[in-house]
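Q: Sequence and predicted model, in that order:
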Amino acid sequence: MTTGALYLIPSTLGGGEPDNVLPEPALRTIRGLDGFVAEEARTARAFLRRVGLDRPLTEVRIQTLDKHTATQELPTLLEPVLRGERIGLLSEAGYPAVADPGTQLVALAHQYGLTVIPLVGPSSLVLGLAASGLNGQSFCFCGYLPVESSARAARIRELESRSRREGCTQLFIEAPYRNNQLLAALLETCDPGTRLCLATELTLPGESIRMQQIRDWRNAPPDLDRRATVFALQALAHPAISAGGVRRSAPAPRRSRPRSGGRSARRGFREA
């Protein structure tokens with residue numbers, strides 16, 4: 001076993017200051033790490049500069065892990081951890097290894113028996129779900145939906161049907177410059193009564209979180225262009241399902257009573 005560890009570092013969800021969303025113990029840990037693995041070295045340095053490292057950034061080792069990184073390159077990224085170093089996996093925004101290429105590195109670290117330590121920080125999915133008012137007990141993150149219009153519409157119908165059937169919230173995201181196309185597809189495809197929450201620019205000055213039915217969004221759709229947004233959708237499965245996704249108890253059926261002294265009562269008495 002090694003004394004090294006892989007730390008999962010949540011980055012800010014935009015250009016905000018790390019100390020606004022990360023607790024001081026997490027910031028102290030980040031400042032003391034030996035090196036980093038990041039999707040983009042330039043933005044990683046910008047984040048680390050705001051964290052306030054106690055050494056020049058030119059001395060900080062940042063290895064690259066992005067969608068182009070080959071599987072056979074992953075062991076090289078973990079070699080410092082195997083040597084006993086503490087390495088941070090840094091996401092471009094929010095939590096690493098969630099809709100992020102770092103997933104494979106974390107899986108490999110477990111195969112090697114390495115320690116994986118997640119630090120406390122922002123996750124747009126959790127923040128958006130908690131603030132949506134939709135079912136937080138049963139939910140599914142579906143990642144990115146298809147870009148092609150017919151495939152996207154089919155996927156939306158599939159997710160809406162699943163939500164209606166299981167009572168669960170469906171979470172998904174999109175590249176910010178395609179947000180308006182996704183919203184238009186949702187408003188065109190979903191049933192009017194399906195509920196949709198748009199959680200936009202979370203933790204940033206322009207933060208907006210609104211949940212309405214599709215019919216209401218159709219009246220005044222917002223402009224989400226280039227604004228990072230979490231989409232949360234829930235279709236009520238049955239009128240007996242409450243807003244939180246909990247089934248209400250149905251009232252017991254009333255039993256009809258025979259009228260006292262009626263013909264059926266007298267006949268029943270004789271037959272008995």
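A: Cool, the structure landed.

Q: all strands for the stretch 101-250 of the chain, in order.
A: With DSSP state E, counting those that start in this stretch applied, the stretch 101-250 of the chain shows strands at 115-118, 139-144, 169-173, 195-200, 208-213, 229-234, listed in chain order.

Q: right, so those: which one is the most enclosed?
A: Of all these, strand 229-234 has the most neighbours on average by mean count of other Cβ atoms under 10 Å, namely a mean of 25. Every C-beta, even on glycine, is put in place using the N, C-alpha and C of the backbone.

Q: Let me know the angle separating it from strand 195-200.
A: For strand 229-234 against strand 195-200, the angle by axes from the mean of the first three to the mean of the last three Cα atoms, to 10 degrees is 170 degrees.

Q: Point out the one among the strands of the stretch 101-250 of the chain that comes closest to Gly14.
A: strand 195-200 (10.9 Å; Cβ to Cβ).

Q: same for that closest one, what does it pack against?
A: If contacts are counted by 3 or more Cβ pairs under 8 Å, 6 or more residues apart in numbering; DSSP states H and E, strand 195-200 sits against helix 124-132, strand 208-213, helix 214-219, strand 229-234.

Q: any residues touching that strand, and which ones?
A: For strand 195-200, contacts defined as Cβ atoms under 8 Å, 6 or more residues apart in numbering pick out 124, 127-128, 131-134, 183, 186, 190, 206-214, 217, 222, 224, 227-236.

Q: Any chance of the strands of the stretch 101-250 of the chain in TSV with mean pLDDT and distance to Ser161 as columns?
A: Shown next, in TSV, are the strands of the stretch 101-250 of the chain (pLDDT from 0 to 100; distance: least, Cβ to Cβ, whole Å):
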stretch	mean pLDDT	distance to Ser161
strand 115-118	97	33
strand 139-144	96	13
strand 169-173	98	10
strand 195-200	98	15
strand 208-213	98	17
strand 229-234	98	11
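
Q: Flag the shaky bits of the stretch 151-272 of the chain, pLDDT-wise.
A: 238-272 (pLDDT under 70).

Q: can we see that at 50?
A: Filtered on pLDDT under 50, the stretch 151-272 of the chain yields the residue ranges 239-272.

Q: The residue lying closest to Ser208 once chain neighbours are set aside pairs with what?
A: With Cβ to Cβ, 6 or more residues apart in numbering as the criterion, Ser208 has its nearest non-adjacent residue at 4.5 Å, and that residue is Thr200. On the basis of DSSP bridges, Thr200 is bridged to Ser208, Thr229.

Q: Okay, domains of the protein per the record?
A: Domain segmentation of the chain under automatic domain parsing yields 5-118, 124-234.

Q: Show me how far the shortest one is from its chain's centre.
A: The reference is to domain 124-234. Relative to its chain's centre, domain 124-234 lies at 11 Å (Cα atoms, centre = their mean, to the nearest Å).

Q: ok, back up a step: reformat the strands of the stretch 101-250 of the chain as TSV; add distance to Glu79.
A: Below are the strands of the stretch 101-250 of the chain laid out as TSV (distance: least, Cβ to Cβ, whole Å):
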stretch	distance to Glu79
strand 115-118	15
strand 139-144	30
strand 169-173	32
strand 195-200	39
strand 208-213	42
strand 229-234	35
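
Q: Looking at those strands, spot the one closest to Arg45.
A: strand 115-118 (22.2 Å).

Q: Would you mark the buried spots in the longest helix that the chain contains?
A: In the chain, with assignment by DSSP state H, the single longest helix is helix 149-166. Within helix 149-166, the residues scored as buried using 16 or more other Cβ atoms under 10 Å are 152-153, 155-156, 159-160, 162-164.

Q: Burial check on Glu24, number of neighbours?
A: As a burial measure, Glu24 scores 8 neighbours (other Cβ atoms under 10 Å).

Q: Could you report the pLDDT at it?
A: Confidence at Glu24, expressed as pLDDT, is 96.

Q: can you tell me how far it sits from Arg50?
A: Glu24 sits 14 Å away from Arg50, going by Cβ to Cβ, to the nearest Å.

Q: got a list of what the spatially most central residue of the chain touches?
A: For the chain, the residue nearest the mean C-alpha position is Leu125 (2.7 Å; Cα atoms, centre = their mean). When contacts are counted by Cβ under 8 Å, 6+ apart, Leu125 touches 94-95, 98, 141, 171, 230.

Q: Many thanks, we can stop here.
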